[in-house]
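**Q** Predicted model follows, preceded by the sequence.
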Amino acid sequence: MLLKLTKIRSYVARMKARGIAPADVLADSGLSEDLLTDPALLIAPRQRERVVQNMLRLTRDPGLGLELGSQAQLVDFGILAHAQMTAPNLRSALVLWQKYSSAVGTTTAVELVDKGRNDWCIHYKVARTDRPFGRFEAEEITSMAVGLGPSLLGPLWQLAECTYDYRAPAYKNRYEEALGCPVRFSESMISVRIRSVSIDHPLPGHDPEFHELCLRYLDQFIRQSGRNRQTSERLRSMMLNQPQDPPDIAQAADYLGMSPRSLRRHLQHEGTSFSEQLNQSRLDLAIRSLCQEGLPVKETAAELGYLNVQAFRRAFRGWTGKSIGEYLRTYTAPSLK
């Protein structure tokens, strides 16, 4: 799934306020400050992930997601915000987030659970919360409820409780400060619980005609996103999701709904090949694990499906022309400006 630049623009603006240059925030993501002005540009989830990793490294703030999420306002999200504010009721507005979140630059899946009597939850499905990026995602998406809910309902919106599926971090006190409600860790899911208003409460800004126009635009974006996604990008996403057991070309072609011959032809048209995509996806994962998350070489090798550490070291040198040690010595965080 391709994403709009909405979140990236927001990140760059908030990092600028901290004195961090856009070029540093966008480093190694394939993006530049000039590209952020292109309203039609769509990006891959891995590009957003890289920007987040840059911010975490530059700010040295592991709880950055809590701060950025709680600062979010509904008006930051463009046409989706207008669609939500003009929806008939709260449930309809939240369902729009489920369907169109890629239009505001995020892929976190959400589920609504109605327990009745003005008691309901939003469950968030966030992958790998044991890693910095996954933790950032969980913190940002839950703390966004602090600013976004009141934009829809005003003081009627009140958080009752938040839960997380990971152990309490060293900065756990910041959670209750940012969320304004009790927080529990090491639970079975990530969730925000609301107990102050019915999920079917009517919204004061309901406007049927304008709401319909917003939905048409959002549907158009989803169709455009599907058309614009290159075969190599879809293939890379598949490979990144199963690093320990990467597909062969027949399996990948079947997953993408084409023959191996067609897959080779599509990749050749895009200036790449199956083996290049496989090597690049492994290198992306290796750099993320070794350089950005600080995992040991042995653990990184296992994550990429290498039973032999020396085989992984040889592969890494083949990808980069450097040993792992040499690469780590030359990999430095962008400087603060």
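**A** Received, thanks. Numbers count the residues shown, from 1 in each chain.

**Q** In contact with the closest residue to residue 176 other than its chain neighbours, which residues are there?
**A** Of all residues not flanking residue 176 in the chain, residue 183 sits nearest, at 5.3 Å (C-beta to C-beta, 6 or more residues apart in numbering). The C-beta positions use only the backbone N, C-alpha and C, and glycine is treated the same way. Each residue near residue 183 by C-beta atoms under 8 Å, 6 or more residues apart in numbering is listed here: 161, 162, 163, 164, 172, 175, 176.

**Q** Tell me the backbone dihedrals of the fourth one, please.
**A** Which is residue 164. Dihedral angles of residue 164 (phi, psi; degrees, to the nearest 10) stand at phi -140, psi 150.

**Q** Could you check how far it is from residue 179?
**A** According to C-beta to C-beta, to the nearest Å, residue 164 and residue 179 sit 11 Å apart.

**Q** hey, what's in contact with both of these two?
**A** Counting by C-beta under 8 Å, 6+ apart, the residues touching both residue 164 and residue 179 are residue 142.

**Q** Pick out whichever of these two has more residues nearby.
**A** residue 164 (24 against 21; other C-beta atoms under 10 Å).

**Q** what's near enough to touch that one?
**A** By C-beta under 8 Å, 6+ apart, residue 164 lies in contact with 129, 138, 142, 183, 184, 185, 186, 187, 190.

**Q** 10 Å instead, please
**A** Taking C-beta atoms under 10 Å, 6 or more residues apart in numbering, we find residue 164 in contact with 124, 126, 129, 135, 138-139, 142, 172, 175, 183-187, 189-191.

**Q** Cross those against strands and list the overlap.
**A** 124, 183, 184, 190, 191 (DSSP state E).

**Q** Can you tell me the closest non-neighbouring residue to the third one?
**A** The spatially closest residue to residue 184, leaving aside those adjacent along the chain, is residue 163, at 4.8 Å (C-beta to C-beta, 6+ apart).

**Q** quick one: residue 170 and residue 176, what's the gap?
**A** 14 Å.

**Q** do the same with residue 55
**A** Look at residue 55 and residue 176: by C-beta to C-beta, they are 23 Å apart.

**Q** Which one's more surrounded, those two?
**A** When residue 55 and residue 176 are compared for neighbours, residue 55 comes out ahead with 22 against 12, by other C-beta under 10 Å.

**Q** Please tell me I have it right and that one contacts residue 14.
**A** Yes. Contact between residue 55 and residue 14 holds when scored by C-beta atoms under 10 Å: they sit 8.6 Å apart.

**Q** any shared contact partners between those two?
**A** 20, 25, 64, 68.

**Q** Quickly name whichever of the residues you listed is closest to residue 247.
**A** Nearest to residue 247, judged by C-beta to C-beta, of those is residue 25 at 33.4 Å.

**Q** residues contacting the closest one?
**A** 8, 11-16, 18, 31, 33, 50-52, 54-55, 58-59, 334.

**Q** one more time with 8 Å
**A** Residue 25 neighbours (C-beta under 8 Å, 6+ apart): 11, 12, 15, 51, 54, 55, 58.

**Q** In the helix or strand where the third one lies, which residues are buried?
**A** Taking DSSP states H and E as the definition, residue 15 sits inside helix 6-17. Neighbour-count burial for helix 6-17, with 16 or more other C-beta atoms under 10 Å as criterion, is recorded at 6, 7, 8, 9, 10, 11, 12, 14, 15.

**Q** got TSV for those, with pLDDT and distance to residue 96 too?
**A** Below are the buried residues of helix 6-17 laid out as TSV (pLDDT from 0 to 100; distance: C-beta to C-beta, whole Å):
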residue	pLDDT	distance to residue 96
6	83	15
7	86	17
8	91	21
9	91	21
10	91	19
11	94	23
12	95	25
14	94	24
15	96	28
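
**Q** Any stretches of this structure with poor pLDDT?
**A** Along the chain, segments meeting pLDDT under 70 span 1-2, 40, 75, 102-105, 107, 224-229, 331-337.

**Q** any idea which helix or strand carries residue 204?
**A** Here residue 204 is assigned to no helix or strand, by DSSP H and E.

**Q** Just give me the neighbour total for it.
**A** 9.

**Q** Check the spacing between it and residue 118 real quick.
**A** According to C-beta to C-beta, residue 204 and residue 118 sit 18 Å apart.
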